[in-house]
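Undergrad: coords please:
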Amino acid sequence: MKMYIFCMVTSLLLMGCNPKNSEQIKEDTLKVEFSLPKKLKEVSGITLSPDKKTIWAIEDQGNKNRVYGLDRKGAFVSDVLVENAENNDWEEITSDRDGNIYIGDFGNNDNDRRNLSILKIDLKDASQTTTKVTQKTSFHYEGQTEFPPKKSNLLYDCEAFVEMNGNFYLFTKNRSKGFDGSFLIFRVPNKAGDFEAKLMGKFKLDGKYADAAITAASINSKGDQIVLLNHKNVRILTGFTPDDFSKIKVQKISLHHNSQKEAVTFVDDKNLLIADEKDKKDGGNVYLFTLKP
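TA: Take a look at the predicted model:
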């Protein structure tokens, strides 16, 4: 009997210490919906069509000026050429409450670009093969006076934005030497023209680069929650208004999963779709993640 109990306790201890078992339990919270088509190796942004049936995806610098439509199982349904735009560095795609689609051509790894813009495109359904930019919002950042700034102040890259109440809100990606989790929030009017992006504030996330460098954003249908994506986590922002982010509350939610996650969108107010880039044998998937109340 003693020997039996000893064996049972030993087995349970071994199971509890087994890294594979522990990792499997953690990764179950991030459900793989489907693997991305091999053609899409560098997805930098995703958003959903108004009917939730089509996932619109883009790729970043070095890729084509195209928007790709996938069904909810990951099959290609559309390949749309944006006729009058170059892909300088498309880092994000989002939509507004009316279903209008916007591409953030504001990737700025070296913090030296002077042609940052947000492109509104005429994209109504998956039957399209071409589209055009119908509105171009060019901008520069308030406070940036050097191109590039010092390595300790590389705060002007961006891979994340949302549209709210007739404005775009940009959340910058920190590439500074001595990364400390700091990022900036800017507001740009959703209009054609050339604007100075107004600084809404400087904020700080805890953690190292993979924990806190912002790679994507999405806003829920009520407009009272913004999710910021990192390689390892999501952060839920609440307590903001269109004119004031000074009192935001930040909830950190670990994904228990480390990959180059570059895209996120709300499916509904409880569920997110998250996409990562393919890296050797890992990544290249779209995941479903449920936000717990």
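
Undergrad: Going along the chain, name the strands of the stretch 51-200 of the chain.
TA: 55-59, 66-70, 76-82, 92-95, 101-105, 117-121, 130-131, 133-141, 157-164, 167-173, 182-189, 193-204 (DSSP state E, counting those that start in this stretch).

Undergrad: helices and strands around the shortest one, which ones?
TA: Applying 3 or more C-beta pairs under 8 Å, 6 or more residues apart in numbering; DSSP states H and E, one finds that strand 130-131 makes contact with strand 76-82. Where C-beta positions appear, they are placed from N, C-alpha and C, glycine not excepted.

Undergrad: So what touches the strand it packs on?
TA: With contacts defined as C-beta atoms under 8 Å, 6 or more residues apart in numbering, strand 76-82 is touched by 37, 39, 54, 64-71, 103, 119, 121, 123, 126-133.

Undergrad: in this structure, what secondary structure element scores lowest on mean pLDDT?
TA: Counting by mean pLDDT, DSSP states H and E, the chain has its least confident helix or strand at helix 19-27, which shows a mean of 34.

Undergrad: Next secondary structure element downstream of that one?
TA: Scanning forward in sequence from helix 19-27, with DSSP states H and E defining helices and strands, the next element found is strand 31-35.

Undergrad: Could you list the paired strands of that next one along with their orientation?
TA: Taking DSSP bridges as the criterion, strand 31-35 sits next to strand 285-290 (antiparallel) in its sheet.

Undergrad: which residues make contact with the partner strand from outside it?
TA: Strand 285-290 is touched from outside by 29-36, 46, 55, 70, 74, 234, 255, 267, 270-276, with contacts defined as C-beta under 8 Å, 6+ apart.

Undergrad: Could you list the low-pLDDT ranges of the stretch 1-150 of the chain?
TA: The stretch 1-150 of the chain contains residues with pLDDT under 70 at 1-28.

Undergrad: Isn't Asn111 up against Lys151?
TA: No. Contact criterion C-beta atoms under 8 Å: Asn111 and Lys151 do not qualify, at 9.4 Å.

Undergrad: When the two are compared, which one has more neighbours?
TA: Per other C-beta atoms under 10 Å, whichever of Asn111 and Lys151 has more neighbours is Asn111, with 21 against 11.

Undergrad: what's near enough to touch the more buried one?
TA: By C-beta under 8 Å, 6+ apart, Asn111 lies in contact with 144, 147-149, 154-157, 175.

Undergrad: how about a cut-off of 7 Å?
TA: Contact criterion C-beta atoms under 7 Å, 6 or more residues apart in numbering gives 148-149, 154, 156-157, 175 as the residues in contact with Asn111.

Undergrad: Kindly report the same for Lys41.
TA: By C-beta under 7 Å, 6+ apart, the contact list for Lys41 reads 277-278.

Undergrad: so it, which of the three states?
TA: In three-state terms, and counting by DSSP: H, G, I helix; E, B strand; the rest coil, Lys41 is coil.

Undergrad: list the buried ones in stretch 210-228?
TA: The neighbour-count criterion (16 or more other C-beta atoms under 10 Å) identifies 211-220, 225-228 as the buried residues of stretch 210-228.

Undergrad: Quick one: mean pLDDT for it?
TA: Taken as a whole, stretch 210-228 has a mean pLDDT of 98.
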